[in-house]
Structures are given as structure tokens and as C-alpha cells.
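J.: show me how the following folds:
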Amino acid sequence: MSKIVRVNMTAKTVIEESVADTYAALGGRGLTSQIILDEVEPTSLPLGSGNKLVFAPGLLSGTGAPSSGRLSVGGKSPLTGTIKEANAGGITSQKLANLGVKAIVLEGKPQEKSWYLLKLTPDGAELLPAGDLAGKGTYEVTALLRRRYGEKVGVITIGPAGEMMLLNAGVATNDGEGNSSRYAGRGGLGAVMGSKGIKAIVIDSPTTFDVPVKSPERFKEAARKFTKILLDHPVTGQGLPAFGTNVLMNIINEAGALPTRNFASGRFDQACEISGEKLAEIAVARGGKATHACHPGCVMRCSNVYPLPDGKVCAPIEYESAWALGAHCEIGDLDTVARLNYICNDVGLDTIEAGGALGVLMEAGIITFGDGQAAINALEEVGTGGSLGRIIGNGAEFVAKAFGVTRVGTVKGQHLPAYDPRGAKGIGVTYATSTMGADHTAGYSITANILKVGGVVDPLQNEGQVELSRNLQIATAALDCTGLCLFVAFAILDNPDGLPTIVEMLNAQYGLNLTTEDVFSLGKQVLKMEREFNTRAGFNHVHDRLPEFFVKEPLEPHNKTFDITGDELDQFYNF
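T.: Okay, here's the model as predicted:
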């Protein structure tokens, strides 16, 4: 029997509720966004008692569906002021689903400054004191809790950045080996968790794939078919399993869309030194793993395990992290990138926003572009609570305001990820129009712009870009409800059997008669509810714009600007 676990941190109560009919058909992002729209006043303070933090497994999580272990974390973002869903891998989503937990809702705010741990088992949920965990990094907290409650528990935690309620604080979850580096990173939701006084959540479930399925044989057949669809595709079956997401570094660099030196150029002359190919070579030589599954049942295995020279392990280094902490800052040494990544994981920061903040710090001349050790020193100050660390930990736009920098790549307060919108214009539309600030995962138009997946749309021309981004944002919003990894989209876009097979799994699990059109309708529903929240929070079309330097400054090597007009962007939500 599915349930919602509601934790009121003002009253220190934990209650289990039956799932309302309006929530029964929702999961993942759809459920987190619906609860936030229903229960959070859009003008409320993100770090105040009125905001809520929601954790929700996807509709397929906890089943044998391949690569279906994604967890959605939702709330009002302290970084952007918009509604936010951040998505993480790891083992916690499957464990929550196997406990019958449809969602965890953290609400209220403790009157005193104290820390708590929420523990969920088959016997129920309880709130426990956790003062002994205060000030500790995510790696130490996860290791301690796995020793205390068992090596197979899932741990959700924040680092010191979340405790300090810094605007770039993320929420960490662990993989099967205990690495606390699967992040719901974007939007500062770790600060919201910190504002609730929750340091960690422990999920102890004895099963992983035992969520009830109404038609088991029908479901197994569809799951097997979908697994084959993923393994037969050149991206999900070959590229990602060989080199992980960082296989993109050389590809995006060659396309001239790799933002370098705070968006000064589209190519980085040391890209190959921080690429997926280089990462795989070094990781394997040191006894690590070129690829790795972040959760049970993942067939793409796009994660990695990178041993550092000092014996610590960074797992994983994603493409966007390698870009943010590498090319964006003109740092071409993979060990330095890995060290910066490790610090972010431990302190509890989103790597994209942290790298963006460091790049702006370099733009300001506080540290020098390419100086890896200075970047390490600056980022370490976040964990110690130093003044510079607190500035960095509040994100790129905060750094820009602190040091008088106007050239900063943010939309709605959130830093752009690893694709320059002048070299791939479809992603620029996504950055501008996403309900959650600049976010590549909201509508990954790199598929058609550069990878030639799901069709071809010239990345340097305007034609078709708004439509491409719109269709992908709708599809992605629906996909985020299922718990499936975003990367299954590569195969879905190229194989006409992909989406119908997902629908077949949903129908077999829940005894439904959904069609592919129903899935697109769900995606539209999610975007509309998120847009409604933002409108009520004070956002309008003028916020759906890129920073002006993208419009005015041509990007090398193509010498293109982002020239999709405001009127064209304003057509995005005409559906």
C-alpha cells in the first residue's frame, strides 16, 4: 500500500498518509511539482517555514524496468526563486518505492538550532537526534550511517553547505558502494533541507525490485524489450557504457560549443586532457572503473570511479562537472578537476554552479584562469565557512554581485551548463524558457543539434530551435515522472518502439490503458503546473531571456551570436 510520509519539523511529528486520488497517477517530478504547487505559497521565502521539500521515486522505480532508479527532489529554489525539481541517481529511489513510500514531505521549521535524522524501515518512519553528524561532510556521514544501520541502506544527506543554507547546496544520495556522490544538485535544495533541520535520511529496505506489478509476465516482457532497445542504440549501448557522459567533451569541443574561459570561446585546447577517453585510461590504470552503474538495474552504466593520487575516490566525474571545473576555468588537468569535484561532493555543492562561481571569480581577477591550486584553495573555504567560501557557495550570480562582474552566464539566477547557446541554439532556448533556470536536462536539444539523434536541426541556425526545445521539454517532463534515467531518451528518439514500450511497462504495472498521447499530455501538465507556480511567484516572459553578452558577443570559432528573438522565445508555451 503506497503512502506519503509527512514530517513536520515545527511539531517534530512524523505521520503516514494515504495517497490522494489526485496524486495516484503521478510520480517523480510530476508529484513533487504538484505537491509544491498545491501546498507552498509561491511568494513564500525558500528558506522559511512555508517552503516544503519533497522526495519522490518515479512511477517505475523499484521494479525491474531497466535504468529506472532516479529520485526527484522538489521545492521552491532558494537559488532561482522558481519551482525546482532536481534529479538524482543512486539506490534511494528504489528503496523508497519498495517501502511503499510515494513521497516524503518535509515541512515546517524547528524553533531551535538542532539536527535530526529521518529513518525509514518496513516498520515505519521515525525522527531521531543527529547532532553528532553536524559539520561532517557527506562521505563521512554516509560511511558512518552505513556502519550504524547496515551496508545496504540508502542515505540522503547534506554537507556543511546545506547546514549553512548556502544557495548552491545540493542533496547527496549514495550508490551501491556507498559513494555519496549521486546528487540532486541544482537549485539549492540542500539549503532547504538544512533549513528544516534534517541532516540525513536513512532508507532501510530489504528489497529492491519488489514493487507490486499487476501483470508480472507482461511487465517482464516489456522490460526485456526496453533493455534491448537501450543496448542496441549506439549512444546508450556503446558510447555511454564505454566512456560515460564525459564522452561528450571532445564531441562538444569539436562542434565549437564548449564554453571556455567563462564563455569567451567555444573550444578548449586541453579538452582531450579532461575527456572521457582520458578519464577511462587513468581510472583503469589506477584500479578504478571507466564505467559503473549508479543504481541496480542500470544497463547504460555511464558513471565512473576515478581514484585520486591521494587514495580518495571521486565517483563519478560527469561531463558537465568536468566542463564546469575544467574548460570553464581553463583547467586542463584531470586530477585537479577530480579534486574539485570531490570537494563539491563532500561539502555538498552542485558542481555546475560551483564551477560557474569559480569562473566568475577568475573573471573578476580574484584568482587566475587556469590556476587549479588556487581554485582548490578557494573551494575548500566553503567547507570551513570562510567569507570567500560563503560567497562561492551562494552561486555564480552571487559571486558576480560581490565582485562587480556583469558578464555572468545565468538565467533566473542559475548558471548555464556545458553547452554554449551560440554554438547550439536549441539548448539556448531550453536555458531561457525552462521553468527552473538554465538547465540542460530540461530539454536536451544537443540530441538533434550536435549528436544527430532524433533528427537533425542545424545548431547554428534559428529555424526549428523553439519547436525542438518545446517537444523535448514536454517529453522530458513526462520522463522525469517515471524514474527512468534521462539518457534513455537517446534510444527513444531513434527507435519508434521506445516510447510505446515505456507505456506498456506502465500499463502492465498499474493495470492502465495509457497511450503515447497520454504521456505527452502528462508532460504538458507538469510544465503548466510549474509555469503556474512561477507566474504566481512573480515571474513572466521577461525572465525567459539569456544574458545580453550571448546576444552581443560572437562566439569563436563560428562567430555566431544567440539571435533567437524575445518574440520567438515567447511562443514557447503556446501549447
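
J.: how close does residue 63 sit to residue 485?
T.: 14 Å (CB to CB, to the nearest Å). Any C-beta I mention is one placed from the backbone N, CA and C, and that applies to glycine too.

J.: output the longest helix belonging to the chain.
T.: helix 516-537 (DSSP state H).

J.: what does that helix contact?
T.: Outside helix 516-537, the residues within contact range by CB atoms under 8 Å, 6 or more residues apart in numbering are 29-30, 33-34, 36-37, 40, 42-43, 76, 81-83, 435-436, 473-481, 499-500, 502-503, 573, 575.

J.: let's see it at 7 Å
T.: Helix 516-537 is contacted from outside by 29-30, 33-34, 36-37, 42-43, 81-83, 435, 473-475, 477-478, 481, 499-500, 503, 573, 575, using CB atoms under 7 Å, 6 or more residues apart in numbering.

J.: now the buried members of those.
T.: Burial by neighbour count, 16 or more other CB atoms under 10 Å: within these this picks out 29-30, 33-34, 36-37, 42, 81-83, 435, 473-475, 477-478, 481, 499-500, 503, 573.

J.: out of those residues, which are inside strands?
T.: In this view, the buried ones among the contacts of helix 516-537 that belong to strands under DSSP state E are residue 83.

J.: go through the buried ones among the contacts of helix 516-537 and flag which are in helices.
T.: Short answer: these in helices (DSSP H) are 29-30, 33-34, 36-37, 473-475, 477-478, 481, 499-500, 503.

J.: out of these, which two sit at the greatest distance?
T.: Greatest spatial distance in those: 36 and 500, 30.8 Å, computed using CB to CB.

J.: look at residue 63 and residue 485 and report which has more neighbours.
T.: Higher neighbour count among residue 63 and residue 485: residue 63, with 28 against 25, using other CB atoms under 10 Å.

J.: where in the protein is pLDDT low?
T.: Where the chain drops to pLDDT under 70, the residues are 1.

J.: can you show me the helices along the stretch 351-500 of the chain?
T.: 351-363, 372-384, 387-393, 396-403, 425-433, 446, 465-482, 488-494, 498-510 (DSSP state H, counting those that start in this stretch).

J.: quick one, the fourth one and helix 351-363 angle?
T.: I take that to be helix 396-403. 20 degrees (axes from the mean of the first three to the mean of the last three CA atoms, to 10 degrees).

J.: counting contacts, what elements does helix 396-403 pack onto?
T.: helix 351-363, helix 387-393 (3 or more CB pairs under 7 Å, 6 or more residues apart in numbering; DSSP states H and E).

J.: closest one to residue 167 among these?
T.: Per CB to CB, nearest to residue 167 of the helices and strands packed on helix 396-403: helix 387-393, 7.4 Å.

J.: can you list contacts of the closest one?
T.: Contacts of helix 387-393 (CB under 7 Å, 6+ apart): 161, 164, 166, 168, 349, 354, 357, 361, 378-379, 381-383, 398-399, 402.

J.: redo that, cut-off 6 Å
T.: Residues from elsewhere that reach helix 387-393 (CB atoms under 6 Å, 6 or more residues apart in numbering): 161, 166, 168, 357, 381-382, 399, 402.
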